[in-house]
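> predicted model and sequence below, questions to follow.
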Amino acid sequence: MSFETQSTNRAFGGTQGVYTHQSEATGTPMTFSVFVPDHAPDAKLPVLWYLSGLTCTHANVTEKGEFRAACAEHGIIFIAPDTSPRGDDVPDDEGYDFGKGAGFYVDATQEPWAQHFQMRRYIEDELPALIAAHFPVDVERQGITGHSMGGHGALTIALRNPGRFRSTSTFAPIVSPLECPWGEKALGGYLGPDRAAWRAYDACALIADGARLPDLLVDQGTADGFLDEQLKTHLLTEACAKAGIPATIRMQEGYDHSYYFISTFMAEHVAWHAERLRG
């Protein structure tokens, strides 16, 4: 479980690193970033996972997310994986919403995707084990967040792994891939036509099937051009209300789908996670 350091930079009283390792899950090199605040020797710090959206790599949030000051203040490690396998041998699609940069955090079962597109296994098992072996993380204090496709990933991973994450939040998540064009294309392509197999990757379906979160924070911009057709935030609001999940779902007036939106509310999300990751 070794990795190579691509870069490290001093920032906000901590170290921002970018690293690459050979993944067994995807069969490709995978790159991820980790911000580690300064800490006492032998201390174990809580960790916040951030899953990125369509077309993104680890670099988008690392360069534009504006999380480091808040993570340094609260003593939280921030981890940003890539969104898909990469490389010349990895299959791709002409569309931005499928293939490279669009792994949807699923384990593909259909060819030609099944060999490399094992992002669920990578995010849920392989990368956490590597992080725990090499970074000062307290695995009992984990939170997860994400944006758009990554918001879908954060929700479904937290719902499928009860008790693993003390806190879950999202920015403009895809809440029901079963009910939107992005999801139908991705899940149909990666998993095949059996829609029953898609339910494990749909937050609203998981909630309807009995999965629960202790609470939830969601920010969604009202000027987001994807809101009505792809994101459908109201479906998550309804699902949480029916299931009795305490959910703070904030419609932020005038904000779009970009990192201008994400960076505006990032510090609030980090602080919200910090409250739940203490002790």
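The structure has been received and is ready for your questions.
> okay, and E111 sits in which element?
Assigned by DSSP states H and E, E111 belongs to neither a helix nor a strand.
> what about it, neighbour count?
8 (other CB atoms under 10 Å). Glycine gets a C-beta too; all of them are placed from N, C-alpha and C.
> just L227 next, same as before
L227, neighbours per other CB under 10 Å, totals 18.
> contact partners for it?
Residues counted as contacts of L227 (CB atoms under 8 Å, 6 or more residues apart in numbering) are 172, 220-221, 233.
> for those, pick the one with the most neighbours.
A172 (29 neighbours).
> I'd say it and H257 touch.
Yes - A172 is within contact range of H257, at 5.7 Å (criterion: CB atoms under 8 Å).
> where do the contact lists of those two overlap?
148, 221, 224, 226.
> phi, psi for the closest residue to P173 other than its chain neighbours please.
Excluding the flanking residues, the one nearest P173 by CB to CB, 6 or more residues apart in numbering is G151, at 2.5 Å. Dihedral pair for G151: phi -70, psi -40, per degrees, to the nearest 10.
> just the CA trace of stretch 90-100, in PDB.
In PDB, the C-alpha atoms belonging to stretch 90-100 read as follows (Å, rounded to 0.1, in the frame of the first residue of the first chain):
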ATOM      1  CA  VAL A  90      -9.300   3.000 -19.800                       C
ATOM      2  CA  PRO A  91     -12.400   3.100 -21.900                       C
ATOM      3  CA  ASP A  92     -14.100   6.400 -22.400                       C
ATOM      4  CA  ASP A  93     -17.200   8.000 -23.900                       C
ATOM      5  CA  GLU A  94     -17.600  11.100 -26.000                       C
ATOM      6  CA  GLY A  95     -20.000  12.600 -23.500                       C
ATOM      7  CA  TYR A  96     -18.800  14.500 -20.500                       C
ATOM      8  CA  ASP A  97     -21.300  12.700 -18.300                       C
ATOM      9  CA  PHE A  98     -20.000   9.100 -18.800                       C
ATOM     10  CA  GLY A  99     -16.700   7.400 -18.800                       C
ATOM     11  CA  LYS A 100     -13.500   9.200 -17.600                       C
END
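> circling back to that earlier point, can you tell me which of the contacts of L227 are in helices?
T233 (DSSP state H).
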